[in-house]
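Q: Give the three-dimensional model of this entry:
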Amino acid sequence: MKKSALLVVLLLTIVGAVAPFYLQSPDTLGQTQLKRFSSYEELKSFVKASSQVRPYYAEGFGVSPLKGSALEAAPSYSTTNVQVEGVDEADTVKTDGEYIYIVSGNNVTIVRAYPPEEAGVLSRIGLNGTVVGIFINGERLVVFEQLNPYILVRPLAKEESVPYETFRASIKVYDISDRRSPALRREVALDGWYFNSRMMGDYVYAVVNQPVIRPSEGEDKVILPKVYVNGGVKEISASEIYYSDVVDYSYTFTTVVALNVQNDGEEPTYKTILMGGDQ
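A: You can find the predicted model right below:
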């Protein structure tokens, strides 16, 4: 299956979309069950006409790290419990049999576990945001970081004026061939909050949600999602966004981004769908 088609399948599968969409290619999705907007104005008109808006204020969004890692002494060891064979799931503790990688708040600690006489902490990676999950892929460590990982929602009176706090989810890939000195090789980030992720082969797939309307920007302004790659930024245009004619009280942009963690020169790819606020 082509990577672009797999992205759409993963997006619809992970966020719980209905089964009839699963086996469609991206082109078919755009022509049948899912449409794509022709312009920003069409997107804005659809959101305004379809949604039953309930204003809210968000300071950040809660995330819950995946659980289920079991460790044994090398050379035999178990990995994260997974739902599908060959599809790894992010966790807060990983091992490759010789080393253990442990998430604690804003840090990832690398510990040598085998042989026992050489056991000890080798290094600690400190981040600005909360680490919500990690993957190990050979000599690469993949870290999911969330800025402002907590949520507060309350009614917003018309006369109130509150600032909108930035929140962003990022994927950071470290070269850990020297466990004592991990080196950041690439970073991809999106405005929004981390929802879920998977790893297949050399690719990680992350799902990020972003609200369409920000109260501080006005209820008539749709904020398009952006992708940040190694310091550069690209706005995802309305014509790249899939949607279906479903009425909801609010909407989010759900983006699946695919990143090759072994090939630093390969650009990330992504697909975005407009979904209801409950997704």
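
Q: Distance of Leu43 relative to Val233?
A: 19 Å (CB to CB, to the nearest Å). Placement of C-beta: from N, CA and C, glycine included.

Q: And Ile213, by the same measure?
A: 21 Å.

Q: Comparing the two, which residue is more hemmed in?
A: Ile213 (21 against 10; other CB atoms under 10 Å).

Q: Look up which residues are beta-bridged to the more buried one.
A: Val222 (DSSP bridges).

Q: ok, Tyr194 - contacts?
A: 63, 132-133, 144, 146, 169, 206-208 (CB atoms under 8 Å, 6 or more residues apart in numbering).

Q: is it true that Asn209 touches Tyr251?
A: No - with contacts counted by CB atoms under 8 Å, Asn209 stays clear of Tyr251, the gap being 10.4 Å.

Q: Test my guess that Lys35 contacts Val246.
A: No - applying CB under 8 Å as the test, Lys35 and Val246 come out as separate, 11.3 Å apart.

Q: can you list contacts of the helix or strand hosting Ile134?
A: For Ile134, the host element (DSSP states H and E) is strand 130-137. If you take CB under 8 Å, 6+ apart as the criterion, strand 130-137 is touched by 63, 65-66, 88, 90-92, 94-96, 101, 103, 105-108, 141-147, 149, 194, 197, 199, 202, 204, 261-262.

Q: and if we set it to 7 Å?
A: With contact meaning CB atoms under 7 Å, 6 or more residues apart in numbering, strand 130-137 is reached by 63, 65-66, 88, 90-92, 94, 96, 101, 103, 105-106, 108, 141-146, 149, 194, 197, 199, 202, 204, 261-262.

Q: neighbour count winner among Asn209 and Tyr251?
A: Taking other CB under 10 Å, Asn209 and Tyr251 do not tie; Tyr251 has more neighbours (24 against 21).

Q: and the nearest residue to Arg124 once chain neighbours are set aside, bridged to which residues?
A: Closest residue in space to Arg124, ignoring its immediate chain neighbours: Thr109 at 4.9 Å, by CB to CB, 6 or more residues apart in numbering. With DSSP bridges applied, Thr109 shows beta-bridge pairing to Ile102, Arg124.

Q: change the start of the numbering to 595 and stick with it
A: Got it, first residue is 595 now, which makes that one Thr703.

Q: residues near Thr703, how many?
A: Thr703 - counted by other CB under 10 Å - has 15 other residues nearby.
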